[in-house]
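**Q** the amino acid sequence is not available; the structure is as follows:
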């Protein structure tokens, strides 16, 4: 418990530091932070895939967060727009997929040795395409979805008329709630589950989660998020956001976020069950792996970006 508390404090301090750097120095610090987290999560995902018998190229999977992050940051730096940035990211995925396939296909001796070690009855061509596909899984989850956080970090740069009225502070609020939604939902879900108990939410996938915890976590997250937003409205830095971004819009974001937060948690639990492990890694004492910490953010970031784009049209 002591290790878990100390790690939690370290995580919160790191997030606060990134927010301060974003406000007073540059948003690119957060981009680098997201890329670094993505690399660790990608490494753990590669290990989970291997444990599930899905042979993959860990170097390709781990390089994807860096390459995708660079593609997104360069696209944003040169004002290409979100649409073109996503196309760049998809281009990186395709290139790495093709590279994995061709590399494995060309390295005939290494491929044959690996096929023999794994006890497979496949041709080099079939083995190469399967390894590329399994590596693709590790690129799409968690990195591709998590890297939407970089686009959220630059939501102020969307070429829409409504963005200008927020005076460049909208992304700070959205990033703040990107972190708050999973933290509040998970904390209150655990507390409500302990207090009220009741039927299990998904007993085979995550036996500790209860229906009362899921409902209580979501409801309390929405209520407390609304209170936090009202408090932010009294701070001068957030005045333009508070004046032009109604509370009901924020609550829509929070409701959507708290629902997909729990879906993300269940999905990662499903993967760990398939891999036969309790935690995805050990990098965060008391919490498990990086993937265990960001499982919710992987799904929350894309849904917040989609909702924000619709609200800003």
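**A** Received it, and whenever you're ready, just let me know what you need. Just so it is clear, the model here is predicted, and its values are computed rather than measured. Residues are numbered from 1 along each chain as shown.
**Q** where in the chain is pLDDT low?
**A** 1, 159-161, 167-168 (pLDDT under 70).
**Q** what comes up buried for stretch 244-254?
**A** 245, 250, 253, 254 (16 or more other Cβ atoms under 10 Å). Bear in mind the C-beta positions are built from the backbone N, C-alpha and C, glycine included.
**Q** repeat that for stretch 49-59.
**A** For stretch 49-59, the neighbour count (16+ other Cβ under 10 Å) marks 49, 52, 54, 55, 56, 57, 58 as buried.
**Q** next one: phi and psi at residue 295?
**A** phi -50, psi -40 (degrees, to the nearest 10).
**Q** check the gap between the residue nearest to it when sequence neighbours are not counted and residue 151 for me.
**A** Sequence neighbours aside, residue 268 is the residue nearest to residue 295 in space, at 3.6 Å (criterion: Cβ to Cβ, 6 or more residues apart in numbering). Distance, residue 268 to residue 151, by Cβ to Cβ, to the nearest Å: 22 Å.
**Q** so which other helices or strands are in contact with the longest strand along the chain?
**A** For the chain, the longest strand by residue count, based on DSSP state E, is strand 206-210. Judged by 3 or more Cβ pairs under 8 Å, 6 or more residues apart in numbering; DSSP states H and E, strand 206-210 is in contact with helix 170-196, strand 200-202, helix 247-275.
**Q** neighbouring strands - and their directions - for it?
**A** Partners of strand 206-210 in the sheet, by DSSP bridges, are strand 200-202 (antiparallel).
**Q** give me the residues contacting the partner strand.
**A** 207, 209, 210, 211, 213, 214, 262, 266, 269 (Cβ atoms under 8 Å, 6 or more residues apart in numbering).
**Q** most neighbours among the residues you listed, which one?
**A** residue 213 (26 neighbours; other Cβ atoms under 10 Å).
**Q** surely that one meets residue 192?
**A** Yes: the pair residue 213 / residue 192 is scored as a contact, 4.7 Å apart, by Cβ atoms under 8 Å.
**Q** common neighbours of those two, please.
**A** With Cβ under 8 Å, 6+ apart, residue 213 and residue 192 have no common neighbours.
**Q** show the contacting residues for residue 149.
**A** Taking Cβ under 8 Å, 6+ apart as the criterion, residue 149 is in contact with 30, 34, 175, 178, 297, 301.
**Q** gap between it and residue 28?
**A** Taken as Cβ to Cβ, the span from residue 149 to residue 28 is 13 Å.
**Q** sec struct for residue 225, please.
**A** Here residue 225 is recorded as helix under DSSP: H, G, I helix; E, B strand; the rest coil.
**Q** that one - how many residues pack around it?
**A** So residue 225, with other Cβ under 10 Å, has 23 neighbours.
**Q** what residues are up against it?
**A** 177, 180, 181, 184, 250, 251, 254.
**Q** grab the nearest non-local neighbour of the third one.
**A** In other words, residue 181. The shortest distance from residue 181 to any non-neighbouring residue, by Cβ to Cβ, 6+ apart, is to residue 257 (4.0 Å).
**Q** over to the residue lying closest to residue 270 once chain neighbours are set aside: give its phi and psi.
**A** Excluding its sequence neighbours, the residue lying closest to residue 270 (Cβ to Cβ, 6+ apart) is residue 205, at 5.0 Å. When read as degrees, to the nearest 10, the backbone of residue 205 gives phi -90, psi -50.
**Q** mind listing what residue 205 touches?
**A** Each residue near residue 205 by Cβ under 8 Å, 6+ apart is listed here: 266, 269, 270, 273.
**Q** next one: residue 275
**A** Taking Cβ under 8 Å, 6+ apart, one finds 47, 48, 49, 51, 52 in contact with residue 275.
**Q** any idea how far residue 288 is from residue 232?
**A** For residue 232, the distance to residue 288 - Cβ to Cβ - is 32 Å.
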